[in-house]
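J.: Following is a predicted model, sequence given first.
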Amino acid sequence: MKKLSLLILFFAYGFNIIAQVANITGSVKDEENNVLVGASIVVKGTFLGTSTNSKGEFSLKNVSIKEYELVISYMGYETQIQKLNLEKETELNVKLKSTSYISDEALVTAIKANDGTPIAQTNISKQEVGKNKIAADIPYQLELTPSVVATSENGTGMGYTNMRIRGTDMTRINITVNGIPLNDSESQGVYWVNMADFTSSVSNIQIQRGVGTSTNGAASFGASVNFQTLNIEKNSYSDISSTIGSFNTFKRSISAGTGLINNKFAFDFRYSKLNSDGWIQRGFSDHESMYLSGSYYNEKNMLKAVVMTGEEHTGITWWGVPDYIIDSIRNFNPAGEYFDKEGNQHFYDGETDNYWQNHYHLLFSHEFSKNLHFNANLHATSGKGYYEQYKANDDLNSYGIAPIQFDSLNIFYSSDIIQQKWLDNIFYGYTATLNYRKNNINASIGTAWNKYDGDHFGLVKWMKYNTSIPKDYEWYNNKGLKTDANGFCKIQYSLSEKISLFGDVQFRHIAYEMVGPDDDLVLLDQKHSWNFLNPKAGITYSINNKSRVFASYAIANREPARADLKEASKNGGSSCPTHETLYDIEVGYTLSSTIYAFSANLYYMNYNNQLVMTGELNNVGYPIMTNVEKSYRRGIELGFGLKPIKHFEWSGNLTLSQNKIQDYVEYAYHYDEEWNETYESKDLGETDISYSPNVIASNTISFVANENFSVNLISKYVGKQYIDNTSNDTRSLDAYFVNNIRIDYSTKIKGFSDFYAQIFVNNILNSEYISNAYGGNWYEQNNEMSWIYYYPQAGINYMLKIGFRF
């Protein structure tokens, strides 16, 4: 022990000698000598950064002596980069030049958290967006951030994908684009399949874990994610890229921008096309998308129009792989399965999901002064599509069709049928914010109003025994109408140079109506309304320029989704789900320097009437939910980054948590020796919440030869998780550990363009793992039985991307 202590002292002393340090102090002002409060100062290539205080001053203490580049920025001003050869105590007095146009960043200031906001947050820059995986959808671009678990139906990260944050599913994660709601109004989920290659049109992403700050749209009931589309580029550009890979994957993309024309106009364009067979049988993807924006800027105003279109044709994979087949045919897909008269197995090739979606944003920003900004946005999203299924020997009565009689001996009560279920909807509204920032006050008020109008209907496209049913016979048609309005006020007040207080309150009103029969011909007619008050408060204490601590408390409320209310209406309303309430406590600590960064965040999320997944799906693949009176999620999120030597970087995060339901009651069917059926309850006490692993970790080790070449080992670990709320090991998923390799290369071609290439090897150890599943149980003579459908993931596979940027 004595020798070990001496060794530690020796290395500590040696490091102290080698790592000589000095302080950097200074101020940031505008051209008229006005102080800029909250200006960002970042030491490029390190983890170190700070912001100016109420006097416009900053300090970076104990910085290792060497050469640096300091990036100084403030919204509405030109970013300045200062090279610094730090040899001794240094003072920098920076003056930023006002831009001749309003920054796009002003559009999302009101809903984004800043460094001083007492919120657990992760910010992803444009340079990092889309790097994690090639061709994969958004969940897999975010899966290396804390507490995120991504899932894929077809096993490749394309097609239908999903994610959970702290065990919270997509229907409880608030998603916005430019501050405009993206969540579907009825299901409250987000369908990334409709937005292929969206990351290519994104400038930055902010993830807030927990309740977060007030925003627009669906309830933030565990996390929120804000995407900001392309910011202005001063110079013109064009980019052409192609991606090829396993499973006949082929993606091509072209983008171009004019840059700023006469300091007033800018236009950006992108088109992407993705094709892949998928790994799961018939789990193909045929997707395309387009992004188009046109902007007008002057010194006080910005007007920007954004159009995003998406079209997807995807093989249905939502049924998963049955438990009795998973060991023999891991990529089996039961969708479209039927048998002929001889008992031969067939699959219907038209078993597909098809959807067209268009997003329209008109964004306006006005600067009354450098301290006061106003934003007003109009938006509309139209969507139309269907999924087609082959139904073998389906009951005609369920379609409202009378038995078919050819003669007295041939009466058919069922038939093979090809059906289409359609959704035709529009979502539109406005958002508006007013932002004030001066000295020690940063305040915002905002309001939003959104309307959803959706038609759900079904068509019979073909019937085997048809004598009188007209073409495209419509067997059901119902409408969903939803209005969502909210207003919020938030303020961040710097009590001193070290202490900052935060307060935020949101009022939200929701009205929802369903009218007409569902696909089983049961009337859905019902109306609901909710009024929610969601307050938040917190405090941040800056220990020094390298570290801070924060604490916050927030309350959030969430209304049931369409599927939850549908199930209740078909039960006579006796089990109508109630709204959920979340009480969220967060305590965090961050530490950063030139060579390392560390963060720790403790959270306790206490729920009243949380709607949790039962582990079963309804007839269109949506999870069936149930209210539980008392439940909680608590844990710690740890993150780190390390750059100890020039060519080596290491970063990662670890989440340890407990996710519990108190006094859970199981309901299941019981069968006796004579197959008499009863529906019985069983008190299981405290159980684990479904789909909530206690351990989630990610890790990236990078060798960076120079700015043009790097090799990255990327790892993801997800602990054991249960697929229902009974804590039964039979209905659980094993922990899995997956490793990938990414190689990045770029070079300049003299007089021509930039060339870049990226190689991605997924699952390099060829691990057989399952990321998701659903199932249930029943009892036979008091013996518990289970049924499970799994979503296994592909083994080792490859992607290569090459591109030219002009």
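T.: Alright, I've got the coordinates.
J.: which residues sit in contact with residue 120?
T.: 146, 208, 209, 210, 586, 588, 601, 603, 637 (C-beta atoms under 8 Å, 6 or more residues apart in numbering). Glycine gets a C-beta too; all of them are placed from N, C-alpha and C.
J.: would you list those in JSON lines and tack on distance to residue 253, pLDDT and neighbour count?
T.: Putting the contacts of residue 120 into JSON lines (distance: C-beta to C-beta, whole Å; pLDDT from 0 to 100; neighbours: other C-beta atoms under 10 Å) gives the following:
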{"residue": "146", "distance to residue 253": "29", "pLDDT": "97", "neighbour count": "23"}
{"residue": "208", "distance to residue 253": "29", "pLDDT": "96", "neighbour count": "25"}
{"residue": "209", "distance to residue 253": "31", "pLDDT": "97", "neighbour count": "30"}
{"residue": "210", "distance to residue 253": "35", "pLDDT": "96", "neighbour count": "29"}
{"residue": "586", "distance to residue 253": "38", "pLDDT": "98", "neighbour count": "24"}
{"residue": "588", "distance to residue 253": "38", "pLDDT": "97", "neighbour count": "24"}
{"residue": "601", "distance to residue 253": "36", "pLDDT": "98", "neighbour count": "24"}
{"residue": "603", "distance to residue 253": "38", "pLDDT": "98", "neighbour count": "23"}
{"residue": "637", "distance to residue 253": "34", "pLDDT": "98", "neighbour count": "24"}
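J.: Can you report how many residues neighbour residue 728?
T.: Counted with other C-beta atoms under 10 Å, the neighbours of residue 728 add up to 19.
J.: Tell me if residue 496 really is in a helix.
T.: No - assessed with DSSP: H, G, I helix; E, B strand; the rest coil, residue 496 is coil; it does not lie in a helix.
J.: what does the model give it for pLDDT?
T.: With respect to pLDDT, residue 496 has a value of 90.
J.: How many residues are close by it?
T.: Residue 496, neighbours per other C-beta under 10 Å, totals 11.
J.: Now do residue 654: how many residues are near it, please.
T.: 17.
J.: wait, it sits on residue 697?
T.: Yes - the criterion here is C-beta atoms under 8 Å, and residue 654 meets it with residue 697 at 4.6 Å.
J.: Phi and psi next, for the residue lying farthest from the centre of the chain.
T.: Distance from the centre of the chain peaks at residue 408, with 58.6 Å (C-alpha atoms, centre = their mean). In terms of degrees, to the nearest 10, the main-chain angles of residue 408 are phi -70, psi -20.
J.: need the contacts of residue 120 in JSON lines with distance to residue 347 and secondary structure, can you?
T.: Listed next are the contacts of residue 120 as JSON lines, based on distance: C-beta to C-beta, whole Å; DSSP: H, G, I helix; E, B strand; the rest coil:
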{"residue": "146", "distance to residue 347": "41", "secondary structure": "coil"}
{"residue": "208", "distance to residue 347": "43", "secondary structure": "strand"}
{"residue": "209", "distance to residue 347": "42", "secondary structure": "strand"}
{"residue": "210", "distance to residue 347": "44", "secondary structure": "strand"}
{"residue": "586", "distance to residue 347": "49", "secondary structure": "strand"}
{"residue": "588", "distance to residue 347": "51", "secondary structure": "strand"}
{"residue": "601", "distance to residue 347": "47", "secondary structure": "strand"}
{"residue": "603", "distance to residue 347": "46", "secondary structure": "strand"}
{"residue": "637", "distance to residue 347": "44", "secondary structure": "strand"}
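J.: Any regions of the chain where pLDDT drops low?
T.: Within the chain, the stretches with pLDDT under 70 are 1-19, 100, 106, 571-575, 614-623, 752.
J.: domains in it, as residue ranges please.
T.: 19-98, 228-805 (automatic domain parsing).
J.: need those in TSV with distance to residue 125, can you?
T.: Shown next, in TSV, are the domains of the chain (distance: least, C-beta to C-beta, whole Å):
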stretch	distance to residue 125
domain 19-98	11
domain 228-805	11
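J.: Any idea which of the ones you listed gets closest to residue 119?
T.: Closest approach to residue 119 among the domains of the chain is made by domain 228-805 (6.5 Å; C-beta to C-beta).
J.: what about that closest one, how long is it end to end?
T.: 22 Å (C-alpha to C-alpha, to the nearest Å).
J.: how about the strands in the stretch 451-600 of the chain?
T.: 473-494, 499-515, 526-544, 547-558, 580-592, 596-617 (DSSP state E, counting those that start in this stretch).
J.: Relative to residue 326, which of those is closest?
T.: For the strands of the stretch 451-600 of the chain, proximity to residue 326 was assessed by C-beta to C-beta; strand 596-617 is nearest, at 16.4 Å.
J.: Mind listing the strands the closest one pairs with, and their directions?
T.: Using DSSP bridges, strand 596-617 pairs in its sheet with strand 580-592 (antiparallel), strand 623-645 (antiparallel).
J.: out of the ones you listed, nearest to residue 747?
T.: strand 623-645 (23.6 Å).
J.: buried stuff in the closest one?
T.: 623, 625-628, 631-635, 637, 639-643 (16 or more other C-beta atoms under 10 Å).
J.: helix or strand right after that strand?
T.: Later in the chain than strand 623-645, the nearest helix or strand by DSSP states H and E is strand 648-671.
J.: Format the CA atom coordinates belonging to the next helix or strand after that next one as CSV.
T.: As assigned by DSSP H and E, the chain's next helix or strand after strand 648-671 is strand 677-688. Once non-C-alpha atoms are left out, strand 677-688 reads as follows in CSV (Å, rounded to 0.1, in the frame of the first residue of the first chain):
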residue,chain,number,x,y,z
GLU,A,677,-62.5,-19.9,-19.4
THR,A,678,-62.3,-17.4,-16.6
TYR,A,679,-60.6,-14.0,-16.4
GLU,A,680,-58.8,-13.7,-13.1
SER,A,681,-56.6,-11.2,-11.3
LYS,A,682,-53.4,-11.7,-9.3
ASP,A,683,-51.6,-9.3,-7.0
LEU,A,684,-47.9,-9.4,-7.9
GLY,A,685,-46.7,-6.6,-5.6
GLU,A,686,-43.8,-4.5,-6.8
THR,A,687,-42.7,-5.4,-10.4
ASP,A,688,-40.4,-4.0,-13.1
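J.: Can you identify each of the helices in this structure by residue range?
T.: Per DSSP state H, the chain carries helices over the ranges 2-18, 138-142, 562-569.
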